[in-house]
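Participant: with the input below, show me the fold.
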Amino acid sequence: MIKKNKKIYISDQLILSVIPFECASIIENHSDLVVLITSNIKSSLQLEKLTKYFTNRQVIVFPDWQILPYDHLSPDKKIISSRISTLYNLSKIKKGLLIIAVQTLLQKICPYKYLYKESFLIQKDNFFKFKNLISKLEKIGYCKRNEVKEIGDFSIKKSLIDIYPVGSISPYRIFFEENKIFNLKLFNINNQLTFKEKESIVVMPRNEFPKNKDGFDIFKKNYNQFFSKNMEFNKFYKSIFEKKKFFSVEYLQSFFFEKPLSTLFDYLSEKTLIIYQDQYKNNSNEFWKKITERYNLLQKKYFNIIIKPEKIWITTKELSFFLKKYCSIQIVLSKDTENKNSIKKNYKKLPECFMNANTSEKFSFLKNFSGKIIFSLTKEDCIKTFLKILASENIYPKYIKNITDFNQNFNYLYIIGNLYNGFINIKRNFLFVPIKKIFPNFNQNKSLILIKKNILQKKKNHLDKLKLNDLIIHIEHGIGRYQGLTKIKTASIESEYLVILYAEQDKLYVPISHLHLISPYIGILEKNIPLHKLGGGSWNKEKTKINKTLYDHAAILLDIYSKRLSQNGFSFQINEKNYKLFCKDFPFKTTLDQNDAIKSVLNDMKKSIPMDRLICGDVGFGKTEVAMRAAFICVSNYKQVVILVPTTLLAQQHFDNFKKRFHNWSVKIDILSRFRNETEQKNILTKIKNGDIKILIGTHKILLKNINWYNLGLLIIDEEHRFGVNHKEIIKKTYSNIDILTLTATPIPRTLNMAMTGIKDLSIISQPPQERLKIKSFIEEYNPILVKEAILREISRGGQVYYIYNKVQNINNIAKKLSNLVPEAHIKIGHGQMKNTELKKIMNEFYHHHFDVLVCTTIIESGIDVPKANTMIIENSDYFGLSQLHQLRGRIGRSNHQAYSFFLVNNLKKITSEAKKRLNAISLINNFGGGFTLSNKDLEIRGIGELLGKEQSGHIQNIGFSLYLKLLKKAIEILKNGGEKPLLEELIKKSDIELYVPSLLPSSYIFDVNKRLFYYKKLSNVKNKKDIEKIKFELIDQFGKLPLPAKNLILISKIRLLTEEIGILCIKSNGKRGIIEFDKQSTINTEYLLKLFKQEPHLWKMENSIKLHFFHNFKDNYTRLKWIKDLLKNIK
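Facilitator: Modelled structure (predicted):
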């Protein structure tokens, strides 16, 4: 039993090692929840991670909102979700640890009763009225969407309800039969398909306050009582309900309740043990100082309509009062070693020998130590190598998972965990030593992001993204504007049509079976594009012109392709055993996109044709691992690898990462950049020539040097868009017959074109790590208050900031200005004109969080990964290119914290139209994997001429990039088979099918128009029966059982597929009869037809040897469709 109000004394140098160990021990010896109060948010996160190394009990952080007091930004939805679920489940945690920062503890929270009253349980096989569930979800703040994408969304799909509950990792699909829940399944947020059955869900409120009618009624009453009624008040009051917030409504949450807000202490049981530091009062007072400053500032700004701090936070005095009510342990940071309660008497620092680099002294001490020794390693510390070194010293440690295994009968143990400092426990006679204390220069790990299995569907057609009045193009009629879908009855049969508006207000109604004729228009200055006239001649003239141009362009591309095919490459062999061992060393779980890319690369390398593959994926999505596996295969075949990168910083990062990744393999890796002097460079060139160096990483210096390779097999180009035309010409000449792998987040137009037409192979990695949040982007005029708040918001949660200023001559002044603006921040400078050693030192210090803000040029565009850097401010952002902005933004948001990017300009009204388009594109395309989309956007902004020259650019302007690409692919396909044909006619070719049955996806089945359009387009593009079955499965999984019109649509798609395979021009059927018209080149089973004529001659009639008439009594329309499908199947 732990005594009440016990004090323990500890050196601040040991706090991040001893406290996690002590907390783990305390959890085991206490019967209820243990709460650890830390000095700040950063410490909370560090201690959570460290304590988990020592215990398998539940260790959780109660997250802070991670915004400034009275901030205009709202907390991220995932943070709110985590807070609500933690509070809800707190009473259920026994023998666990809750970690909370002082500033988070001070903040008042939603009343205990609100959370439990508004939450409810959904169970499989229980009765629950469909409508009641919808009203309950709306009442507790869930938002109705067409498709569930985020926490707090729900979607209605006839007999299904999709919901993304607060506190859940994945969304749920609830299957109803009448008013009974017959199934519950988790589904994937990207492809919307289910993957696992569940028995129940607890649905908690979406917000920490009731955002519904009742809540707003209480808000009105409280607001009226609190503030005087004046014009400014009315304006602000109105803004709350119109969702045009002056600042975050979360700080007004007390107005949404009749009763006062709670504190965390209201959620804790009497048996809770609290551990806190003696500095908590100082921490609390410091935070209250910040609150008061913000309150006084904003009170003037918003005309006295700011709620008083006492309504939102508890005081230091109140905090002390609450702490006295609980059994507690106070941590005193002191040098007093004589105090009898001091745990410093039980703990001491490692001896002096661990402070120097003499390894033999350290091993001597370890061997002579009389008690147990626990080594701490990280997952990236090359455990096998370290264990071999220990074995050479006759030290053989046994692996333990956590502190519960500590008492095993072994003198040497090791644990996976990145502890900061070692220590000796005198009382229990054991020594704890991290690997870095033995080998200070040993590679240390970076924080791991656990990547959940996540299937991502690549939607290659974009009709589902259409908005009303978007430009689209019909192959037969030209450019018009999309007007939505509409239903039309013909001969009492209802069908759905896509409506296109043309010149002179004419409208074209396109049957859903003809959507293969429709493409979205992508061109330049879309607003100024004139619409074609239905029946007019201009479109026909354009079609004639484009035919020849496309074949000429296709011939050029095919020439490039054929030259590549004619070259003799090397067919790489794969040693499966070694390759699997190499893959096993990868500390992450590969995503499915990564797996697809890796599989494609390996298949390319096995061929004797030189590989030319583009891997497109955003920063941090795993392109480098694909390259590493390709490099491993190459060196395993006794060939060399060269990795070409645009900057010295990126070269250094790749060098460090490749060294770490290949540590268990005898592969010599080196780097050629301006960080190397002339002597070192000559030495490297010699080793390349004799084959000692297997992997060389470098900048454009590699291209400029006359390198004699021993046996080069693979070129990897990272960030291709950063290399100039001359560099690419050198690459073409020097590396023509070796395998080439190109990595990029934003491919340049020419590369993009070659990839999209199939001349260059393409793999897209668009799947992010599961825990990653989308970056919030803001386009603002420069404002010192905004800059100050952005920096303070980040450093207050223990993060770091990139401040991009691209003029070296003035960068020191900018840093001084920021230091005066935010004196709390530790600021340093980095740019390309610094000495190599100095720049390397600055970047290393920033990575290890020795300072808070890096004021730098775009040199960090391709730089080191800093997981704690989650805010970026870019001055004069209107002067940057689109791909450059995307690359820069990719430097942040690389952990599970909300990241913010601020694109600042001096005057929004005075920036150029191109700059406006770039900034709008970067803010709108904020989805994961957006680099590929941005390249297409860049195509529009900069002009298609940059892709193919002025002549082709003119044609693309007239028909749109999307259709141009489709026609170009067709031209290449036709030329490959020999001869030329009219391209548009080739695309139009489809069998004419008229079966007079309702065949559509009813709006009562799929409410979302764009979703219906997506599946119509998908069905019109199917290539085989397997594709149709997959679509059918997706529809049933997402929307429930197929209604009859949808069943008909699926059957007709199968019939259409068969007609195209056989070569049928036309098939018509109504009632009891029908006709099939064959093409002269049709491939049919004549023996089967003759058999039918013999058996039932009255049911069949042949006309002109190409028309087959049939007569039959059908039970119903669906039976008729099945009969026709079976007939076609048999005559195929």
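Participant: my guess is residue 306 is in a helix, correct?
Facilitator: No - under DSSP: H, G, I helix; E, B strand; the rest coil, residue 306 sits outside any helix and is assigned coil.
Participant: please report how far it lies from residue 160.
Facilitator: Going from residue 306 to residue 160 by C-beta to C-beta, to the nearest Å gives 45 Å. (Each C-beta comes from the backbone N, C-alpha and C, glycine too.)
Participant: and for residue 424?
Facilitator: Remark: distance between residue 424 and residue 160 (C-beta to C-beta) = 60 Å.
Participant: now residue 676
Facilitator: Distance from residue 676 to residue 160, by C-beta to C-beta: 62 Å.
Participant: can you check residue 257 too?
Facilitator: Residue 257 is 34 Å from residue 160, by C-beta to C-beta.
Participant: pLDDT averaged over the biggest strand by length in the chain - what is it?
Facilitator: Using DSSP state E, we find that the single longest strand of the chain is strand 478-490. Averaged across strand 478-490, pLDDT comes to 90.
Participant: pull out the buried positions in that strand.
Facilitator: 478-483, 485 (16 or more other C-beta atoms under 10 Å).
Participant: and for stretch 97-115?
Facilitator: Buried-residue list, stretch 97-115, by 16+ other C-beta under 10 Å: 97-111, 114-115.
Participant: among those residues, name the ones in helices.
Facilitator: Among the buried residues of stretch 97-115, the members falling in helices (DSSP state H) are 102-106, 114-115.
Participant: reformat the residues you listed as a markdown table; add distance to residue 602 and pLDDT.
Facilitator: Listed next are these as a markdown table, based on distance: C-beta to C-beta, whole Å; pLDDT from 0 to 100:
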| residue | distance to residue 602 | pLDDT |
| --- | --- | --- |
| 102 | 53 | 96 |
| 103 | 51 | 95 |
| 104 | 48 | 96 |
| 105 | 52 | 97 |
| 106 | 55 | 97 |
| 114 | 55 | 94 |
| 115 | 51 | 93 |
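Participant: how about the helix or strand harbouring residue 275: buried residues?
Facilitator: Here residue 275, judged by DSSP states H and E, is contained in strand 273-277. Going by neighbour count (16+ other C-beta under 10 Å), the buried part of strand 273-277 is 273-277.
Participant: of those, which pair is most distant in space?
Facilitator: With C-beta to C-beta as the measure, no two of these lie farther apart than 273 and 277, at 14.9 Å.
Participant: for the stretch 901-1050 of the chain, what spans make up the strands?
Facilitator: 992-994 (DSSP state E, counting those that start in this stretch).
Participant: show me the shaky parts of it.
Facilitator: By pLDDT under 70, the low-scoring segments of the stretch 901-1050 of the chain are 925-962, 964-965, 976-989.
Participant: one more time with 50, if that's ok
Facilitator: Across the stretch 901-1050 of the chain, the ranges flagged by pLDDT under 50 are 928-935, 939-953.
Participant: circling back: now the buried residues of strand 273-277 in TSV, with distance to residue 419 and pLDDT?
Facilitator: Formatted as TSV, the buried residues of strand 273-277 follow (distance: C-beta to C-beta, whole Å; pLDDT from 0 to 100):
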residue	distance to residue 419	pLDDT
273	24	94
274	24	94
275	19	93
276	22	91
277	19	86
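Participant: could you dump those residues into JSON lines with distance to residue 812 added?
Facilitator: Converted to JSON lines, the buried residues of strand 273-277 look like this (distance: C-beta to C-beta, whole Å):
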{"residue": "273", "distance to residue 812": "52"}
{"residue": "274", "distance to residue 812": "48"}
{"residue": "275", "distance to residue 812": "45"}
{"residue": "276", "distance to residue 812": "43"}
{"residue": "277", "distance to residue 812": "39"}
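Participant: mind listing what the residue nearest to residue 1016 when sequence neighbours are not counted touches?
Facilitator: In space, and not counting its chain neighbours, residue 1016 is closest to residue 512: 4.3 Å by C-beta to C-beta, 6 or more residues apart in numbering. Residue 512 sits next to 495-498, 1000, 1016, 1020 when contact means C-beta atoms under 8 Å, 6 or more residues apart in numbering.
Participant: ok, residue 686 next?
Facilitator: Contact partners of residue 686, counting by C-beta under 8 Å, 6+ apart, are absent.
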